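In: Next comes the sequence, and after it the predicted model I'd like to discuss.
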Amino acid sequence: MKEKIIYSKRKLRIRLKQHWQLYLLLAPPMLYLLIFNYAPLYGLIIAFEDYKPYLGYLKSPFVGLQNFARFFNSNKFGQVLPNTVILAFYSLLASFPFPIILALCLNYIPSTRFKKAVQNVTYAPHFISTVVMVSMLNIFFAQSTGLVNNVRDALGLDRLLFMGEAGAFRHLYVWSGIWQMCGWDSIIYFASLAGVDESLHEAAIVDGATITQRIRFIDLPSLKPTIVTLFIMNTGKIMSIGFEKAYLMQNSLNLETSEIIATYVYKIGLLNQQYSYSTAINLFNSIVNLILLLTVNVISKKLSDTSII
């Protein structure tokens, strides 16, 4: 046993000496993960405490699962959880196909100049900040002066208060996000298509294959690993909807559908200073994310032999 341990240590020293440059390159990201991702996990213990800032982590009274039970039994649980799930799945299912379609379309545009122009136009919205994006929505969908309502008025239709409609919140949130992120998200698919062997397309053209057939039998199979991997990753963060856009779009009229876990946590955690309660809700949210990620990963591995774990 001792000989095996000595042999392993010696082997490790040899590896370190031979590949020290690689380990040196690995050190900064590992330090970053340890300092900014793993070390803060220590703070999760306040989810099981009645945290008092003046007492600190260790001296605050332990309450077990009381904060979780409080959330599950509250009136808000039946509102924020369905709102979050519906908005997350709507956003995922509606937005996921568009970057793939855009990349496929760009791949078959013969004019390089036109292709670059389309790419620049579709990439640009990604750099618009969330505050500016929501301001644009408020301007375009304003009831009295908004462009959309002006068009409706010209067609003889009634003007609507879109930003105050609970039923319109999810549609505005999701489709504005698709417009903003579609071009940027297509970059990885466009890069994958660039790696497809041109001889396959040349052979397909000689055999008389149409563009649709080339997409179906050459491009989509080549994109399959990328599509599956990104779908798994997007599913893993499906419950992690950022509060910024939802909070900025939120008002008293659309609160019925716009109140999600992220905005609720922000209000009770930072505004009402209920740190333990908000941490418990966020921990529950993270556990749901992890379960979804592992479930989709297992299903994907069985169906397509592609996984991220």
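Out: Thanks, I have the structure now.
In: alpha carbons only for contacts and neighbour counts from here, please
Out: OK.
In: What is the neighbour count of Met181?
Out: 20 (other C-alpha atoms under 10 Å).
In: residues contacting Gly208?
Out: With contact set as C-alpha atoms under 8 Å, 6 or more residues apart in numbering, Gly208 has no partners.
In: Can you tell me the element it falls in?
Out: Taking DSSP states H and E as the definition, one finds Gly208 inside no helix or strand.
In: Stretch 82-100: how far from the chain's middle?
Out: With C-alpha atoms, centre = their mean, to the nearest Å as the basis, stretch 82-100 stands 10 Å off its chain's centre.
In: tell me which residues in it are buried?
Out: Under the neighbour-count criterion of 16 or more other C-alpha atoms under 10 Å, stretch 82-100 has 83-88, 91-92, 95-96, 98-100 buried.
In: So what touches that stretch?
Out: Applying C-alpha under 8 Å, 6+ apart, the contact partners of stretch 82-100 are 170, 174-175, 178, 182-186, 189, 231, 234-235, 238-239, 241, 257-261.
In: so which of the buried residues of stretch 82-100 comes closest to Gly56?
Out: Nearest to Gly56 among the buried residues of stretch 82-100 is Thr84, at 31.7 Å by C-alpha to C-alpha.
In: tell me the SS of the closest one?
Out: What DSSP: H, G, I helix; E, B strand; the rest coil gives for Thr84 is helix.
In: so what does the helix or strand where Ser278 lies touch, helix or strand wise?
Out: For Ser278, the element it lies in under DSSP H and E is helix 275-304. Judged by 3 or more C-alpha pairs under 8 Å, 6 or more residues apart in numbering; DSSP states H and E, the packing partners of helix 275-304 are helix 66-73, helix 220-236, helix 261-266.
In: orientation of it relative to helix 66-73 in degrees?
Out: Counting by axes from the mean of the first three to the mean of the last three C-alpha atoms, to 10 degrees, helix 275-304 lies at 70 degrees to helix 66-73.
In: which of the residues in helix 275-304 are buried?
Out: So, applying 16+ other C-alpha under 10 Å, buried residues of helix 275-304: 275-282, 285-286, 288-290, 292-294, 296-298, 300.
In: Please apply the same query to stretch 160-177.
Out: Neighbour-count burial for stretch 160-177 [16+ other C-alpha under 10 Å]: 160, 162-166, 169-170, 172-174, 176-177.
In: same thing with stretch 121-139?
Out: Thr122, Tyr123, Pro125, His126, Thr130, Met133, Val134, Leu137.
In: From the residues you listed, pick the one nearest Thr210.
Out: For the buried residues of stretch 121-139, the closest approach to Thr210 (C-alpha to C-alpha) belongs to Thr122, at 26.7 Å.
In: isn't that closest one right next to Ile178, touching?
Out: No - taking contacts as C-alpha atoms under 8 Å, Thr122 lies outside contact range of Ile178: 10.6 Å.
In: Neighbours of Leu157, how many?
Out: By other C-alpha under 10 Å, the residues close to Leu157 number 11.
In: any idea what it is structurally, helix, strand or coil?
Out: Under three-state DSSP, Leu157 falls in the coil class.
In: Out of the buried residues of stretch 121-139, the closest to Leu104 would be?
Out: Nearest to Leu104 among the buried residues of stretch 121-139, with distances taken as C-alpha to C-alpha, is Thr122, at 14.1 Å.
In: what about that closest one, distance to Cys182?
Out: Taking C-alpha to C-alpha, to the nearest Å as the measure, Thr122 falls 7 Å from Cys182.
In: just Arg70 next, same as before
Out: 39 Å.
In: between those two, who's got more neighbours?
Out: Neighbours were counted for Arg70 and for Cys182 using other C-alpha under 10 Å; Cys182 has more, 24 against 14.
In: Not counting its neighbours along the chain, what's nearest the more buried one?
Out: Pro99 (5.1 Å; C-alpha to C-alpha, 6 or more residues apart in numbering).
In: May I ask which helix or strand encompasses that neighbour?
Out: According to DSSP H and E, Pro99 maps onto helix 97-107.
In: could you give the angle of that helix to helix 220-236?
Out: Interaxial angle of helix 97-107 relative to helix 220-236 (the same axes, to 10 degrees): 150 degrees.
In: Grab the CA positions of helix 97-107 and hand them over as CSV.
Out: Extracted C-alpha coordinates of helix 97-107, given in CSV (Å, rounded to 0.1, in the frame of the first residue of the first chain):
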residue,chain,number,x,y,z
PRO,A,97,-35.1,27.6,-33.0
PHE,A,98,-34.6,31.2,-34.3
PRO,A,99,-30.7,31.3,-34.1
ILE,A,100,-30.5,28.0,-35.9
ILE,A,101,-32.8,29.1,-38.7
LEU,A,102,-30.9,32.4,-39.0
ALA,A,103,-27.6,30.6,-39.2
LEU,A,104,-28.9,28.2,-41.8
CYS,A,105,-30.2,31.1,-43.9
LEU,A,106,-27.0,33.0,-43.7
ASN,A,107,-25.0,30.0,-44.7
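In: Since that was my last question, I'll sign off now.
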